[in-house]
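Trainee: Need coordinates for the following:
(one chain, ligands or ions: 1)
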Amino acid sequence: MPAPVPFDPQEIVDAKYEERPTREGVTTKRMICAACDIACSVVGEVQKGRVTKIRSSDNPIFKDNICMKGIVAPKGLAHPNRILHPLKRVGERGSGKFEQVTWEEAMGDIGGRLKKIIAEYGPEAWAVSTSQWNTSTDHGLGRRVMNHVGSPNWISGVALCAGNTAAVNRFTYGWFPFGDFSSTNCIVLMGHNPRRHSWTPLYNSIRSAQARGAKLIVMDPRRSSSAERADIWLPLKAGSDAAMMFGWLKVIIDEELYDKEFVANWTLGFEDLKERVNEYPLERVAELTGCDPEMIAEAARVYATSGPSIIPWTPITDMQRNSTSGIRLQTILRSICGYVDVPGGELLQGFNPDIVNESTVEMHHVLSDEQKLKQLGSKDHPAFTYRGQLAFREPTQRVYGQEYANLVTGCHMATPSETFRAMAGEGEYPVKAFFFLGNNPLMSYANMPLIHKAMMNQDLIVSHEQFMTPSAQLADYILPADSWLERPWIHDMFGWMSTIRFSEKAMDPPGDCKSTFEFWKQIAGALDMPEVVPWDTIEDFYDYRVAGTGKSFADLISDTEVYFKKPAFKTYEKTGFATPSGKVELKSSLLEELGFDPLPYFREDPPHDKDYPQKMFTGVREDPYFQTGHRHIPEMRARCPEPQIYLNEKTAKAAGVAEGDWVSVENQLGSVKAILAVKDAMPDDLVRVPHGWWKPEMKQGNGSLSGAWDYSDAQLCRDDPDYLDHEQGIPHLKGIPCRVVPLAAEGPAKAASNAQHMEPAE
Ligand code: SF4
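Mentor: So this is what the prediction gives:
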């Protein structure tokens, strides 16, 4: 998921460049690509009112930041499958039968039905799922409307991808830091594998850092392309990240490689941490991770002595049964080595004071404490819920000037699994209305069979979408959504950083497509609370948000590439950290208050099940696709026509399957089909299952759901207690027991595979 562009804003402002000349009849727009989660600055070329080309930025700082998904966007968004008008379900839920209606007709019915559900079951019976990366943003307006209505049950894919990292980072030092790629000396990638066509700007930043001599350490079970370029590669067992970091801490503390002054002056709990770390001697860590103890020690020494070093955000540690401990261990490594809020280290930038941020737009203060405590997941897995983040209100006000910092939108949300259980009628109270925006929830969270049951049990489902996804096929209403080519955007790094960029609208949306701004404005109106979204247009709303700059939105978009406040370092010396103690809490007072171990720990795997001899990891995506999207674009499908699993030759032989075979990957929850690609870069018994596969060309409606029941990896993602992180309630996706079995030939049996021996595993 998300990974804002790493850059030094001053360098971009200072960059001297001329815009490339354009052909007669062509105008250009400066835009931010939203075809994936990383927000490249690009240029849109417009001819006769339509975007005909996306090319890279003229600014030399951004010029290499573009990939095939961005380039193909104008064609992908002009695809005949695009939903152009509101659709209302006319058959049974899941029948796939819809008729065209107007926005007015849709909103009249949706408002009436939602009000009835709220009157009968309470406002908490309304849940919303969205990922800001798919919609660019909903500007915080979704939370704003929900907070006024009284529902705390907002969920997002950021629950298991960056949003949860942000929330857990706050437990240690009160904010979510961003690595200073421009002057760091050492980068640590934990399973993360940025490439030319995936996390492109991050890839470019890493290459630049290496070119000027920065070291690269990669932890990854696979010999990934990043691993091949690393100074040190630790091929650890999938899901053993937390154990590995205990090994690093053991070396760093035993050899006194940490920053003693910072630890003495600015941290709490070092002695307790030391005791816990002593439970993990290198021999034990070597056993838990499968790595050589000397290599573990060497990597720890490089990280601690060649710094300042950075550990960039990674989705991998976000998705494990030890996720909270893993993320906390990252924060502890950064802290005790003295890398927090220093040049070349991990920057705590706070909000930009001139821009009204989305946390403010959300108006969390209007939701009563009683409703906040009803947030699903609060009781058992509170880390990122209102309850878990409650104690940050005062310190966040003290340091960052406001009570609610909803960093990466992940700091005050319901737990997805608990929400789907409530929707399925198995929770602490019923949820009967479900809205999703730019989101394919059926396939985007763990336990797809549960989510399907949950959706079939709803009284009202509303989807704001561009294409007929498997989830949209189960909706009562599908409202057509605009795209990033068709609307302006303020990109505020989702509250993570203080740099702000702007994207111009390049063309009008087709048909009746409307933006998330208009969606939420109309929902507020349909609920008889139009005053909650008082701005007439998105431009008016943006003028309100940028008023503190002294400029209008139109001025900023025309003359400002990046709006930023000068990076400041060690601001904690003036304000303290945004934790209850004002210090870096190596031992977390808040986790202790919530009833959890205040120190990180490592939960080993549950007992081995002999019926499932392999382990799989999922969450990975192929370069032409972002999450569950883009499968309808011929140029993208040609590059990757079918889902592929990867095994090495030995494991494939043991499973009785061979290169190009259709196989089934199965576990106790479900099964998926895929083509086998043999990759020697995979370790023994590890299976890579790609994320988010369905086929838009297949039959719509229940039964097939356009192939979601055949291919969607969410069918294998368990959310039973052994496979959930305790503190956050997020699923373990990195090392799930499974088996690979041959599948009778289907479709394009023995379809041509792109895989080749000895390629890196992506
Ligand atoms: S990496 Fe590609 S898809 Fe993602 S924002 Fe950049 S150009 Fe767009």
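Trainee: what about stretch 659-677, start to end distance?
Mentor: 5 Å (Cα to Cα, to the nearest Å).
Trainee: Distance from that stretch to the middle of the chain?
Mentor: Its chain's average C-alpha position is 26 Å from that of stretch 659-677, according to Cα atoms, centre = their mean, to the nearest Å.
Trainee: try stretch 540-559
Mentor: Using Cα atoms, centre = their mean, the offset of stretch 540-559 from its chain centre is 28 Å.
Trainee: Any buried residues in it, and which?
Mentor: In terms of neighbour count (16 or more other Cβ atoms under 10 Å), stretch 540-559 has its buried residues at F541, Y542, D543, R545, V546, T549, K551, F553, L556, I557. To be clear about C-beta, it is placed using only N, CA and C from the backbone, and glycine gets the same treatment.
Trainee: Look at the closest residue to the ligand within the stretch 201-350 of the chain and say how many residues are nearby.
Mentor: As assessed by Cβ to the nearest ligand atom, the ligand sits closest to P201 within the stretch 201-350 of the chain, at 6.6 Å. Counted with other Cβ atoms under 10 Å, residues neighbouring P201 total 24.
Trainee: Please look at it and K63 and confirm they touch.
Mentor: No - the pair P201 / K63 is not scored as a contact, 11.0 Å apart, by Cβ atoms under 8 Å.
Trainee: any idea which of the buried residues of stretch 540-559 is the one closest to S323?
Mentor: Nearest to S323, judged by Cβ to Cβ, of the buried residues of stretch 540-559 is R545 at 32.9 Å.
Trainee: Off-centre distance for the lengthiest helix in the chain?
Mentor: Taking DSSP state H as the criterion, the chain has its longest helix at helix 103-121. Taking Cα atoms, centre = their mean, one finds helix 103-121 lying 31 Å from the centre of the chain it belongs to.
Trainee: Over to stretch 638-647?
Mentor: For stretch 638-647, the separation from the chain centroid amounts to 23 Å (computed by Cα atoms, centre = their mean).
Trainee: same question, stretch 517-534
Mentor: Relative to its chain's centre, stretch 517-534 lies at 27 Å (Cα atoms, centre = their mean).
Trainee: what does stretch 374-381 give?
Mentor: Distance, stretch centre to chain centre, for stretch 374-381: 21 Å (Cα atoms, centre = their mean).
Trainee: gap between the helix or strand of the chain with the lowest mean pLDDT and the chain center?
Mentor: Using mean pLDDT, DSSP states H and E, helix 132-135 stands out as the lowest-scoring helix or strand of the chain, at a mean of 72. Here helix 132-135 is found 10 Å from its chain centre; the criterion is Cα atoms, centre = their mean.
Trainee: Which residues does it contact?
Mentor: 1-2, 34, 36-37, 138, 156-158, 409, 437-439, 464, 481, 494, 516, 627, 629 (Cβ atoms under 8 Å, 6 or more residues apart in numbering).
Trainee: And the next helix or strand past whatever helix or strand D543 lives in?
Mentor: Using DSSP states H and E, D543 sits within helix 538-546. Sequence-wise, the next helix or strand downstream of helix 538-546 (DSSP H and E) is helix 553-559.
Trainee: Just after that next one, pick out the following helix or strand.
Mentor: strand 562-563.
Trainee: ok, that following strand: who's next to it in the sheet?
Mentor: Note on strand 562-563: by DSSP bridges, its sheet partners are strand 500-503 (antiparallel).
Trainee: What parts of the stretch 1-150 of the chain come near the ligand?
Mentor: Proximity of the stretch 1-150 of the chain to the ligand is confined to C33, A35, C36, I38, A39, C40, N65, I66, C67, K69, G70 under the rule Cβ under 6 Å from any ligand atom.
Trainee: Spatially nearest residue to the third one (excluding sequence neighbours)?
Mentor: Sequence neighbours aside, F626 is the residue nearest to C36 in space, at 4.1 Å (criterion: Cβ to Cβ, 6 or more residues apart in numbering).
Trainee: Distance check, that neighbour against S205.
Mentor: As defined by Cβ to Cβ, to the nearest Å, F626 lies at a distance of 19 Å from S205.
Trainee: before we move on, the earlier item: name the residues that touch the very next helix or strand once past the least confident helix or strand of the chain?
Mentor: The C-terminal neighbour of helix 132-135 among helices and strands, as given by DSSP H and E, is helix 141-149. Under the contact criterion Cβ under 8 Å, 6+ apart, helix 141-149 has outside partners 118, 123, 126, 128, 130, 152-154, 361-364, 366-367, 406, 437, 516-517, 520-521, 523-524, 527, 529, 532-533.
Trainee: What subset of these is buried?
Mentor: 118, 123, 126, 128, 130, 152-154, 361-364, 367, 406, 437, 516-517, 520-521, 523-524, 527, 532-533.
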